[in-house]
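Peer 1: here is the input, now give the coordinates:
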Amino acid sequence: MRILIVGGVAGGASAAARARRLSEDAEIVMFERGEYISFANCGLPYHIGGVISDRQRLLVQTPQAMRARFRIDVRVKTEVLKIDREGKFLVTKDLSTGMERKESYDALILSPGAEPLRPPLPGIGSTRICTLRSMSDMDTIKSMLDKGSVKKAVVIGGGYIGLEMAEALRERKVDVTLLELKDQVMEPVDPEMAAFLHQELVLRGVDLRLGTAVKGFAEDNDTLRLELSTGESVVCDLAILAIGVRPEAHLAKDAGLKIGERGGIVVDENMRTGDPSIFAVGDAVEVIDFVTGAKTGIPLAGPANRQGRTAADAIFGKPSVYKNTQGTAICKVFGLAVGMTGANEKQLKSKAVSYEKIYIHPTDHAIYYPGATPISMKLLFDPVSGKILGAQAVGRQGVDKRIDVLAVAMRASLTVQDLKDLELSYAPPYGSAKDPINYLGFVASNLMDGMCQICHVEDVLKLRPDQAVLDVRDAQEVELGRIPGALHIPVNELRPRMQELPKDKELLVYCKVGLRGYLACRILSQNGFKCRNLSGGYLTYEAKMGLLQKK
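Peer 2: Predicted coordinates for the structure are as follows:
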């Protein structure tokens, strides 16, 4: 058995190691166009920013280590030019010597990854415009910073790389402007959750410009000028282009393999292409969304590793299937973490999936133990079955733990009602007796059981004549901001003052985060009032209205 693997990093290296563990007899050859077969591309911004000082720590596997431990023939600086499916061979080129060779295979695994988008804008060829996808990209950016010639930088794109690079550059004391075409950063979360990131970016000195595109670039002496869609221009020493990636699927396409609508290689559940001898893994493939069932592309290292393992298993006839991609991820944005799993509200709307949503803002651990900080959480679920469809969280501590629990709950087909019964570890420094996960379960179960109806910011903004808004916070909280036109009765004064409220109107009740609003609704509903609680309270209203950034 001769297995050829095109590309390393997560998918290819994982497939190679798994194949060797399954067979000591197979001949395994890996081709990599670059110098490195497996490096921590997620760690590149942190070396630029100085958090990871030792460059060597980014090299997950070296060719020498792969040869020594797994007896894999690793050929770096070797480009694969062509796949001949009929003859079952590759045409390769040694980039050091220019020599071309034919390499036969019994099984072929494609792991070419993805390439950064680089739109054909005027001036895009400037050497002051960099992308960050490889070790050499990282070295180029770091070298420019180390020389001290970069005082101002523009980051184009507010995704993972854009946000991480904005932080890395600020760590290096560089003035940063962050441009994002959409009205929010971090597209996988919904706008009201991204609002917390906007606030953090501004507080950390980033010049954040949403809804702004670049029309072109022009070198001006020793600087770079960016012409913006707003009619303004920005001058900088360095621009980081981080507007996304596309699957590098030209080899597969040239070989006649099927390519999906999003540009990814089409594979089955065993990661096999339309050719039974050819498999594909990683950022280059099209995957199935775990929640919606739609075909999509989600370039994440965890799925790529599992896909590599699945492909190797399939080659040796070992039962193994890839069980779709959930999109579970997390990103550090200065002092905040933003995490997500499953579908967001935008996706559910676009696929016409029925859903309900709730928001909570608990602390990451017991509030009486020093250092407790809030976590803002959003849960999306089926309003009939309680099936969990997605979750998002933003906070300074404990985000990863909660998102991971919810990701497992989704995989295990738990419902929102099951969340309230989960027994999770508790000690004051780490959590609360009622963990935020349990809290989500309580709120969702109360809704599904009819204990309390909820409303959302959209409802408050489209207030009907037969509705009124009621603020049950304390007076000092109201002074800091309120929903226009709201009546005000603190929850502790509600019982003796109920006669002040209109019984012929539905009351949309709110407090800071939703808990006192729930208590008020229980009091009111048992006294003949029709009411709904604003999920997530005034804090969610602030996020939705973009008021956080202005604070």
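
Peer 1: beta partners of the residue nearest to Pro188 when sequence neighbours are not counted?
Peer 2: With sequence-adjacent residues excluded and distances taken as CB to CB, 6 or more residues apart in numbering, Pro188 is closest to Met340, at 5.2 Å. Just so you know, the C-beta spots here come from the backbone N, C-alpha and C atoms, and that holds for glycine as well. On DSSP bridges, the residues paired with Met340 through beta bridges are Ala329, Gln392.

Peer 1: please renumber so the chain begins at 362
Peer 2: Done: numbering now begins at 362, and the last item shifts to Met701.

Peer 1: quick one: contacts for Met701?
Peer 2: When the contact criterion is CB atoms under 8 Å, 6 or more residues apart in numbering, the partners of Met701 are 549-550, 688-691, 751-754, 764.

Peer 1: of those residues, closest to Ser806?
Peer 2: Ser806 has its nearest neighbour among these in Ala752, at 15.8 Å by CB to CB.

Peer 1: ok, that closest one touching Phe742?
Peer 2: No. Here Ala752 lies out of contact with Phe742, judged by CB atoms under 8 Å, at a distance of 9.1 Å.

Peer 1: now do stretch 572-579: everything it contacts.
Peer 2: Taking CB under 8 Å, 6+ apart as the criterion, the residues outside stretch 572-579 that touch it are 482-485, 487, 490, 517, 540-544, 585-591, 600.

Peer 1: ok, 6 Å please
Peer 2: Taking contacts as CB atoms under 6 Å, 6 or more residues apart in numbering, the residues outside stretch 572-579 that touch it are 482-484, 487, 517, 540, 542, 544, 586-591.

Peer 1: buried ones in that stretch?
Peer 2: Residues of stretch 572-579 classed as buried by neighbour count (16 or more other CB atoms under 10 Å): 573-575, 578.

Peer 1: which of those residues fall in strands?
Peer 2: Restricting these to those inside strands, with DSSP state E as the criterion, leaves 575, 578.

Peer 1: just name the closest of the buried residues of stretch 572-579 to His817, please.
Peer 2: Top of the list for closeness to His817, among the buried residues of stretch 572-579 and by CB to CB, is Thr573 at 28.3 Å.

Peer 1: enumerate every residue touching the closest residue to the closest one other than its chain neighbours.
Peer 2: If the residues on either side of it in the chain are set aside, Thr573 comes closest to Leu540, at 4.9 Å by CB to CB, 6+ apart. Contact criterion CB under 6 Å, 6+ apart gives 517, 570, 573 as the residues in contact with Leu540.

Peer 1: same thing but 8 Å
Peer 2: With contacts taken as CB under 8 Å, 6+ apart, Leu540 has the following neighbours: 515-518, 570, 573-575, 587, 589, 595.

Peer 1: buried residues, the helix or strand that contains it. List them.
Peer 2: Secondary structure assigned from DSSP states H and E places Leu540 in strand 536-541. Using 16+ other CB under 10 Å as the test for burial, strand 536-541 gives 536-541.

Peer 1: please apply the same query to stretch 460-471.
Peer 2: Within stretch 460-471, the residues that qualify as buried by neighbour count (16+ other CB under 10 Å) are 464, 466, 468-471.

Peer 1: one more: stretch 408-423?
Peer 2: For stretch 408-423, burial by neighbour count (16+ other CB under 10 Å) applies to 408-410, 413, 419, 421-423.

Peer 1: next one: stretch 512-526
Peer 2: Judged by neighbour count (16+ other CB under 10 Å), stretch 512-526 contains these buried residues: 513-526.

Peer 1: and the next helix or strand after the strand holding Leu540, what other elements does it pack with?
Peer 2: Elements were assigned by DSSP H and E; along the chain past strand 536-541, the next helix or strand is helix 552-564. Packed against helix 552-564, as judged by 3 or more CB pairs under 8 Å, 6 or more residues apart in numbering; DSSP states H and E, are the following elements: helix 521-532, strand 568-571, strand 690-694, strand 697-703, strand 736-742, strand 749-756, helix 898-906.

Peer 1: just the angle between the longest one and strand 690-694, please?
Peer 2: Think helix 521-532. If you take axes from the mean of the first three to the mean of the last three CA atoms, to 10 degrees, helix 521-532 sits at 20 degrees to strand 690-694.

Peer 1: the last one now?
Peer 2: For helix 898-906 against strand 690-694, the angle by the same axes, to 10 degrees is 80 degrees.

Peer 1: name the residues that touch helix 898-906?
Peer 2: For helix 898-906, the external contacting residues (CB under 8 Å, 6+ apart) are 552-554, 556-557, 720, 722, 737, 818, 821, 832, 834, 838, 842-844, 871-876, 878, 895, 908-909, 912.

Peer 1: picking that back up, secondary structure added to the buried residues of stretch 408-423, as TSV?
Peer 2: Written out in TSV, the entries for the buried residues of stretch 408-423 read as follows (DSSP: H, G, I helix; E, B strand; the rest coil):
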residue	secondary structure
His408	helix
Ile409	helix
Gly410	helix
Ile413	coil
Leu419	helix
Val421	strand
Gln422	strand
Thr423	coil
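
Peer 1: between those residues, which is closest to Gly732?
Peer 2: Nearest to Gly732 among the buried residues of stretch 408-423: Gly410, at 24.4 Å, using CB to CB.

Peer 1: which non-adjacent residue is nearest that closest one?
Peer 2: Ala529 (3.2 Å).

Peer 1: what backbone torsions are found at Ala805?
Peer 2: Reported as degrees, to the nearest 10, the phi and psi values for Ala805 are phi -70, psi -40.

Peer 1: follow-up on the earlier one: quick one: strands adjacent to the strand holding Leu540?
Peer 2: For strand 536-541, the paired strands and their directions (DSSP bridges) are strand 513-517 (parallel), strand 568-571 (parallel).

Peer 1: between those strands, which one is nearest to Gly696?
Peer 2: Taking CB to CB as the criterion, Gly696 comes closest to strand 568-571 out of the strands paired with strand 536-541, the separation being 15.8 Å.

Peer 1: in PyMOL, how would I select just the buried ones from the contacts of helix 898-906?
Peer 2: Applied in PyMOL, the following selects the buried portion of the contacts of helix 898-906 according to 16+ other CB under 10 Å:
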select buried, resi 552+553+554+556+557+720+722+737+818+821+832+834+838+843+844+871+872+873+874+875+876+878+895+909
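
Peer 1: which of the contacts of helix 898-906 fall in strands?
Peer 2: Among the contacts of helix 898-906, DSSP E puts 720, 737, 832, 871, 895 in strands.

Peer 1: show me what stretch 494-511 is in contact with.
Peer 2: The list of residues contacting stretch 494-511 from outside it, by CB under 8 Å, 6+ apart, reads 395-397, 400, 402, 405, 408-409, 419, 475-477, 491-493, 530, 533, 535, 583, 598-599, 601, 606.

Peer 1: now these: which count as buried?
Peer 2: The neighbour-count test (16+ other CB under 10 Å) applied to those identifies 395, 397, 400, 402, 405, 408-409, 419, 475-477, 491-493, 530, 533, 535, 598-599, 601, 606 as buried.

Peer 1: which members of the residues you listed are positioned in helices?
Peer 2: When the buried ones among the contacts of stretch 494-511 are checked against helices (DSSP state H), the matches are 405, 408-409, 530.

Peer 1: next, format these as JSON lines and append pLDDT and distance to Asp498.
Peer 2: As requested, those are arranged in JSON lines below (pLDDT from 0 to 100; distance: CB to CB, whole Å):
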{"residue": "Leu405", "pLDDT": "93", "distance to Asp498": "7"}
{"residue": "His408", "pLDDT": "94", "distance to Asp498": "11"}
{"residue": "Ile409", "pLDDT": "95", "distance to Asp498": "10"}
{"residue": "Leu530", "pLDDT": "97", "distance to Asp498": "15"}
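
Peer 1: nice, that's everything, thank you.
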